[in-house]
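Colleague: Here is a sequence together with a model predicted from it:
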Amino acid sequence: MGAGQQEQSWLSYLLRPEQNPGASTSLAEVRILMDAGHVGLDWRVDERSRARAASALVATVQSRMARASVARVMKRAIDS
């Protein structure tokens, strides 16, 4: 869209899997906007949203670390 190769309606089409069953979905963790910009646009960061995103990221990391710890214990038990 930014390069002018697609219309804005194309994005709406992709975001509606009932209209476009071929559109793949992804986990919420991988759908993170890292950067955006536009000439003449002043990007403002909402601190509440930033804090919520940081909290969600910490929770994800803690959950995955706990799962990895359990997996290590199970692996040791299997190898013994």
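Modeller: Great, that's in hand. Numbering: from 1, shown residues only.
Colleague: Can you report how many residues neighbour Leu14?
Modeller: By the measure other CB atoms under 10 Å, the count of residues near Leu14 is 14. C-beta here means a position set from N, CA and C on the backbone, and glycine is covered the same way.
Colleague: ugh, wrong one, I meant Ala53
Modeller: Residues near Ala53, counting by other CB under 10 Å: 13.
Colleague: which SS class is it?
Modeller: What DSSP: H, G, I helix; E, B strand; the rest coil gives for Ala53 is helix.
Colleague: And it, how far from Arg67?
Modeller: Going from Ala53 to Arg67 by CB to CB, to the nearest Å gives 21 Å.
Colleague: cool, Ala59 as well?
Modeller: Applying CB to CB, the value for Ala59 to Arg67 is 13 Å.
Colleague: any chance you could map the strands in this protein?
Modeller: For the chain, applying DSSP state E gives no strands.
Colleague: so where is it shaky, pLDDT-wise?
Modeller: Applying pLDDT under 70 to the chain flags the ranges 1-3, 17, 19-32, 34, 37.
Colleague: what ranges do the helices span in it?
Modeller: Counting by DSSP state H, one finds helices in the chain at the ranges 8-14, 47-79.
Colleague: how about CSV for these, with distance to Leu41 added?
Modeller: Listed next are the helices of the chain as CSV, based on distance: least, CB to CB, whole Å:
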stretch, distance to Leu41
helix 8-14, 16
helix 47-79, 17
